[in-house]
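A.B. asks: next input, structure requested:
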Amino acid sequence: MILVNELKGKIKSKGYTQEKLARELGISPKTLCTKLNKGIFGSDEIENMIRILEIQNPIEIFFA
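C.D. replies: Numbers count the residues shown, from 1 in each chain. Below you'll find the predicted structure:
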């Protein structure tokens with residue numbers, strides 16, 4: 001289960017908007033919004049978000 005509010009907080013704290021993060025991930029902002037609302041991401045997307053957002057403890061957000 002992904003802690004979506006924690007992920008959204010991390011996006012904001014790193015100075016990203018959902019639109020900017022979507023571009024970095026190679027998906028549309030609408031797709032990112034849908035994935036955030038459903039809490040469902042592929043392993044590639046999770047790995048990229050960990051790298052892009054420099055998440056130190058990904059287990060706390062992505063595998064709670």
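A.B. asks: could you list the low-pLDDT ranges of this structure?
C.D. replies: Of all residues in the chain, none has pLDDT under 70.
A.B. asks: now do the helices in it.
C.D. replies: Taking DSSP state H as the test, the helices found in the chain are 4-13, 18-25, 29-38, 43-52, 58-62.
A.B. asks: which strands or helices does the last one pack on?
C.D. replies: For helix 58-62, the packing partners by 3 or more Cβ pairs under 8 Å, 6 or more residues apart in numbering; DSSP states H and E come out as helix 4-13, helix 43-52. For every residue, glycine as well, the C-beta is placed using N, CA and C.
A.B. asks: same for the first one, what does it pack against?
C.D. replies: Spelled out, that is helix 4-13. Checking 3+ Cβ pairs under 8 Å, 6+ apart, helix 4-13 ends up next to helix 29-38, helix 58-62.
A.B. asks: gap between Asn57 and Ser43?
C.D. replies: 17 Å (Cβ to Cβ, to the nearest Å).
A.B. asks: before we move on, the earlier item: between the helices and strands packed on helix 58-62, which one is nearest to Glu24?
C.D. replies: helix 43-52 (5.2 Å; Cβ to Cβ).
A.B. asks: if we can go back for a sec, now the helices of the chain in a markdown table, with mean neighbour count?
C.D. replies: Below are the helices of the chain laid out as a markdown table (neighbours: other Cβ atoms under 10 Å):
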| stretch | mean neighbour count |
| --- | --- |
| helix 4-13 | 14 |
| helix 18-25 | 16 |
| helix 29-38 | 14 |
| helix 43-52 | 15 |
| helix 58-62 | 15 |
